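Engineer: After the sequence you'll find the predicted model.
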Amino acid sequence: MNRVVFSVILTLFLFLFPIQAFSQDKKEEADIITLLQKVDSIEHELSYLKMSCDLKNLISDISLFATEVYSKYLSIELNISNRNFDRRLGAAYENYYESCMNRKKTIDESIVSQKNCIWQNTTRHTFLRLNQIFYLQVVM
């Protein structure tokens, strides 16, 4: 009698354990997917913060450059109104102009690289989000 009860309990345990383990695996897999989504969301927020900080730095560089150019423009206007014409001053202004053009070129390149970086991060995040949705549909 004890052997029969023991064998019935053992049989029930063996049949129910795989079902319980299977449901536990599904729950763990759903938890992992949820955690992956949270990590992806946090990565996206961090990327957004970094890009916004880079853009603010770029905007401040542009405004500083514009202020420098405007102050040099006022200096030139003042020299013209005071009739202060000098060859050395003209050469210095030409050198300043060349340096401003080089700096403008650097800022233009920085703008293009920031634009490309933002575009790539946006498309990457969209692709990852679509991939996760597709994966969730396949798993569930």
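Structural biologist: Arrived safely, thanks for sending. Numbering: from 1, shown residues only.
Engineer: which non-adjacent residue is nearest the residue positioned nearest the centre of the chain?
Structural biologist: By CA atoms, centre = their mean, the mean C-alpha position of the chain lies nearest to Ser47, the distance being 2.7 Å. Residue nearest to Ser47 in three dimensions, not counting chain neighbours: Asn121, with 5.1 Å by CB to CB, 6 or more residues apart in numbering. C-betas here are computed from N, CA, C, even on glycine.
Engineer: elements contacting the helix or strand Ser110 falls within?
Structural biologist: Taking DSSP states H and E as the criterion, Ser110 maps to helix 87-139. The elements that helix 87-139 packs onto, with contact taken as 3 or more CB pairs under 8 Å, 6 or more residues apart in numbering; DSSP states H and E, are helix 2-81.
Engineer: angle of the helix it packs on against helix 87-139?
Structural biologist: Counting by axes from the mean of the first three to the mean of the last three CA atoms, to 10 degrees, helix 2-81 points 160 degrees away from the direction of helix 87-139.
Engineer: Show me what helix 2-81 packs onto, helices and strands only.
Structural biologist: helix 87-139.
Engineer: what about the helix it packs on, distance to the chain center?
Structural biologist: 12 Å (CA atoms, centre = their mean, to the nearest Å).
Engineer: and if you look at stretch 46-63?
Structural biologist: On CA atoms, centre = their mean, the centre of stretch 46-63 falls 11 Å from that of its chain.
Engineer: Output that stretch as PDB - backbone C-alpha positions only.
Structural biologist: In PDB, the C-alpha atoms belonging to stretch 46-63 read as follows (Å, rounded to 0.1, in the frame of the first residue of the first chain):
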ATOM      1  CA  LEU A  46      21.600  58.300 -21.600                       C
ATOM      2  CA  SER A  47      22.300  58.600 -25.300                       C
ATOM      3  CA  TYR A  48      19.700  61.400 -25.500                       C
ATOM      4  CA  LEU A  49      21.300  63.300 -22.600                       C
ATOM      5  CA  LYS A  50      24.800  62.900 -24.100                       C
ATOM      6  CA  MET A  51      23.600  64.200 -27.500                       C
ATOM      7  CA  SER A  52      21.800  67.100 -25.900                       C
ATOM      8  CA  CYS A  53      24.900  68.000 -23.900                       C
ATOM      9  CA  ASP A  54      27.000  67.800 -27.000                       C
ATOM     10  CA  LEU A  55      24.500  70.000 -28.900                       C
ATOM     11  CA  LYS A  56      24.500  72.600 -26.100                       C
ATOM     12  CA  ASN A  57      28.300  72.700 -26.100                       C
ATOM     13  CA  LEU A  58      28.200  73.200 -29.900                       C
ATOM     14  CA  ILE A  59      25.700  76.000 -29.600                       C
ATOM     15  CA  SER A  60      27.800  77.700 -26.900                       C
ATOM     16  CA  ASP A  61      30.900  77.300 -29.200                       C
ATOM     17  CA  ILE A  62      29.000  78.900 -32.100                       C
ATOM     18  CA  SER A  63      27.800  81.800 -29.900                       C
END
